[in-house]
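Novice: Following is a predicted model, sequence given first.
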Amino acid sequence: MQWGHIKTLFILSFLILNIYLLIQFIEKQDEADYGILDNQELTFKDQLKAENIKIPNLETGQIEKDSYISVSQKILSEADLEPLKAKKGLSTEVIDNYFLVSQLEDPIPVTEETSDIISELVKSYVLFPDHYTYWGWNKELNVLIFFQKINDRPVYFNSNGLVLAFLNGSNEITHLTQSVLGEAEPQGELQTLIQPLFSVEALYNRSFLTANEEVTDDVVLGYYARLVAEGNQVFAPTWKVTVKGESSGERNYFVNAIEGLASRNDEIKFLHDTIGNDIKKIETLNKDSKVKQSFLNATIKLEVDNRSETE
Amino acid sequence: MKMETAKSLILIVLIGISLLLTFGLWSYQPELPEKSDKPPLNEAVNLGGKDNEKKGTVIEPREVIFHMDDLHYGFSKPIKKQEFYEQIQTWSISNLQTRLVSGRTPNKNEVEVIFPSNLPMEILNNLMSLSDSNTELPNWSFDRMYLSFNPDSKSLNLEILSIDGRNEATAIINDSNHYEFLWDYFQSVDEGLLQEYLSLEQTKEPIYIPRDSVSVTKQSYTSESIDEPNLLIKVFFPDPSLVSQTYSSAGDTYYTDSQRGMRVYWKRGRMEFVDPYSEDAVGDDQTAANMLTNSIKNINSHNGWTNEYNLMDINAKENVVRYQMYDDNGYPIYNALNLSYIDQKWINLQLNEYDRPLFELNVPLGGSTEKLMSGQDLISYLNRNYNLENFQDIRIGYRLIYHYDEDESSMSGSNYKDRIIELIPAWFKKENGEWNEIDLNEDQLLKGGD
């Protein structure tokens, strides 16, 4: 009888011990996933506070996995082009089966600068409108910029997956250019992405983010290629981080979400280069193309800028 | 009774679980995600060349000139010049001092060591043996050093003049053996070892070239190609699985992982690598000295010295370093398509561009001796056809010819293995910073008129 009691006691105490050990074990496992990050996070956040750098609330949720993607230019078929050909009031030229330039007979005025309204405006004048997302309005060149989306994420600043809408002096869309990227294939294995906060840290470490500056907007995941290649192109999952200086305007940075490498992108330079190349392509069009003449006339001011920039 | 057995069983199971958990807690090692730190290069992944170059071995003097009164002598064979320089490198140099000067007056008897590029003084301790390694080195550059005699104390003076001629460093080599070793060259000129050199004075800095005709062997080699795409990808990209490739109709291949790019010209045997990451860096702590350190370390890291390469030029303003291929006899090799150069560009101490040949001179196939135009004739020829004021240097070297068949369209690689490389001896000039072969046919028209 005595032995029976002792056994019950033992069972109870071991049960309690096991529960304790199990809790310990789970805690340790969690720490491995988040704990180390948490510690670094704290010190980095303190550092930001000390230098008066403001950042938005960044999700620290589940660590995502993603792979690089490999994409080629989409070759447009007759069937692809059908919707644009059928559209009235729109003349479109196709160059080398991948680059489109269109002219609107009746320019459409852009009155409000909200992404939904602007997207809606151009919707019927571009191919695959659902695959593009509005990025912004470059007031200097008066151009609306749309990025192509792959796997529902924007492909940042890539001239091979882009729609540009050119505005005239009274903010009316007169011309559009478009290029389309094809099907994306995963390149390499799935890898753990760095957390958004780390992308901010990457900027800080490279002195792209300095005292009294602010990270505005969300840190958004997309795809970006630091090197633009012809043919097959590799894109890295990339965090976009927007920084606003004390007196200067906003600057965009792109942080490779796997390697953690931060790079700067200059929107004006990108537009100059892209429009400059577009003009070269359009110049190859037949002489009596109406679109060619009117596009070149509309961009004549930009081309001058482009020449002075590159030479 | 049954109840008791069940309790015993439960107890045993519980004890077992607690043991397991304790063990698990102890030995649990979290899998840390590996990030940012690039994995060290696999040792088997390399280009198969040398991996032990240092500043002292990669920088060789372009010329060593013995000034005896008004005559100038230099080594007849470049290989002897290298041996001589290696000797000097071991001499212990003491009493390094710097002062402000305005130019220098040459001694009656002295040895002038001329380097192929402006070199920062910071690396002097990598070139020479300074007895006091803590000596603080100035931050100006030089390309010449002078050794002169101190007969009283049987010691040698070392003088290094800055490029602008306003700073000078002096030091002493206090060893009578070295004194005697050097003095022997001046006692009686060994015709086999030394030959007379002429000095071109019209140029900014004097250029010395051998007076009499020099015989140099025209050579052919089989070439060993580095033509394995996977190997190159492993050497130049941190994660080879991310690299995608695009073939061009011209037969070259472009590799990229979105961050870096590499273009390989299979037919021409050359590759170009770019990593623009460093371009938009803020701040720059790079000097010519630490750029050279990193560059040599980088090429060592993948055994990139696939032949004998020596420093040709280092330009801290443009952030570029160029190494030049040398043949076994110590003659420099030139090529108009840059096939005999390794070029690197560094920004903010990170590799930005890297262009290099993808072949090495393998088995020598012999050759015939060619007599080059004598220095004397060359000078009068140059005076007739060129403006010597723009000349920075004149050297004897080889023109490299890389034979390939334009028709080859297959990428199979095997075709590229048995290439022949020819080395044709010639005179080369450096004019406005560019090296080119001196075209000796310029005044054939004149001759035709005779």
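Specialist: Structure's in. What do you need? Numbering: from 1, shown residues only, chains lettered A, B, ... in the order given.
Novice: my guess is B:Ile233 meets B:Val243, correct?
Specialist: Yes - at 5.1 Å, B:Ile233 counts as touching B:Val243 under the criterion of CB atoms under 8 Å. Heads up, the C-betas are built off the backbone N, CA and C, glycines and all.
Novice: Find residues that contact each of these two.
Specialist: When contacts are counted by CB atoms under 8 Å, 6 or more residues apart in numbering or on different chains, B:Ile233 and B:Val243 have B:Tyr255 as shared neighbours.
Novice: More neighbours: the two, which one.
Specialist: Between B:Ile233 and B:Val243, counted using other CB atoms under 10 Å in any protein chain shown, the more crowded position is B:Val243 (26 against 20).
Novice: Tell me the confidence at that one?
Specialist: Looking at B:Val243, its pLDDT is 89.
Novice: contacting residues for it?
Specialist: A:234, B:233, B:237, B:255-257.
Novice: now do 7 Å
Specialist: Contacts here follow CB atoms under 7 Å, 6 or more residues apart in numbering or on different chains; on that basis B:Val243 touches B:233, B:237, B:255-257.
Novice: try A:Ile53
Specialist: A:209, A:211, A:213-214.
Novice: Quick check: chain neighbours aside, which residue is closest to B:Gly49?
Specialist: Distance criterion CB to CB, 6 or more residues apart in numbering or on different chains; nearest residue to B:Gly49, sequence neighbours excluded, is B:Thr306 at 3.6 Å.
Novice: elements contacting the lengthiest helix in chain B?
Specialist: When secondary structure is assigned using DSSP state H, the longest helix within chain B turns out to be helix B:2-27. Applying 3 or more CB pairs under 7 Å, 6 or more residues apart in numbering or on different chains; DSSP states H and E, one finds that helix B:2-27 makes contact with helix A:2-30.
Novice: Which positions in the helix it packs on come out as buried?
Specialist: By neighbour count with 16 or more other CB atoms under 10 Å in any protein chain shown, helix A:2-30 contains the buried residues A:7, A:10-11, A:14, A:17-18, A:21, A:25.
Novice: Reformat the residues you listed as TSV; add pLDDT and distance to A:Asn286.
Specialist: Compiled in TSV, those are given as follows (pLDDT from 0 to 100; distance: CB to CB, whole Å):
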residue	pLDDT	distance to A:Asn286
A:Lys7	86	97
A:Phe10	89	94
A:Ile11	90	91
A:Phe14	90	88
A:Leu17	91	86
A:Asn18	90	82
A:Leu21	89	80
A:Phe25	84	73
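Novice: Three-state assignment for B:Leu198, please.
Specialist: Of the three states, B:Leu198 takes strand under DSSP: H, G, I helix; E, B strand; the rest coil.
Novice: Distance of it relative to B:Glu437?
Specialist: 20 Å (CB to CB, to the nearest Å).
Novice: can you check B:Leu378 too?
Specialist: 12 Å.
Novice: How about the residues of chain B by chain A?
Specialist: Of all the residues in chain B, those in contact range of chain A (CB under 7 Å from any CB of the partner chain) are B:4, B:7-8, B:10-11, B:14-15, B:17-18, B:21-22, B:24-25, B:28, B:30, B:33, B:35-36, B:239, B:241-242, B:244-246, B:254, B:256-261, B:276-277, B:280-283.
Novice: Can I get the buried part of the residues you listed as one ChimeraX selection?
Specialist: Remark: buried members of the residues of chain B next to chain A, expressed as a ChimeraX selection using 16+ other CB under 10 Å:
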select /B:7,10,11,14,17,18,21,239,242,244,245,246,254,256,257,258,259,260,261,277,280,281
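Novice: remind me which residues of the chain are low pLDDT?
Specialist: Reading this off chain A. A:1, A:32-42, A:59-63, A:301-311 (pLDDT under 70).
Novice: looking at chain B here, not the other one
Specialist: The model of chain B has pLDDT under 70 over residues B:1, B:29-44, B:282-283, B:405-418, B:442-450.
Novice: circling back to that earlier point, how about the residue nearest to B:Gly49, what does it touch?
Specialist: When contacts are taken as CB under 7 Å, 6+ apart, B:Thr306 is in contact with B:47-49, B:360.
Novice: out of those residues, which are inside strands?
Specialist: Among the contacts of B:Thr306, the residues falling in strands (DSSP state E) are B:Glu360.
Novice: Now flag whichever of the contacts of B:Thr306 is closest to chain A.
Specialist: Taking CB to the nearest CB as the measure, B:Leu47 is the one of the contacts of B:Thr306 closest to chain A, at 22.8 Å.
Novice: buried set for the helix or strand hosting A:His175?
Specialist: Secondary-structure element containing A:His175, defined by DSSP states H and E: strand A:172-179. Burial within strand A:172-179, assessed by neighbour count using 16+ other CB under 10 Å, is assigned to A:173-179.
Novice: Which members of these are the farthest-apart pair?
Specialist: A:Thr174 and A:Ser179 (18.9 Å; CB to CB).
Novice: Over to the residue in the stretch 51-200 of chain A that chain B sits nearest to. Which of the three states is it?
Specialist: Sorted by distance to chain B under CB to the nearest CB, the residues of the stretch 51-200 of chain A start with A:Gly188, at 3.8 Å. Look at A:Gly188: counting by three-state DSSP, its state is strand.
Novice: Fine, thanks again, bye for now.
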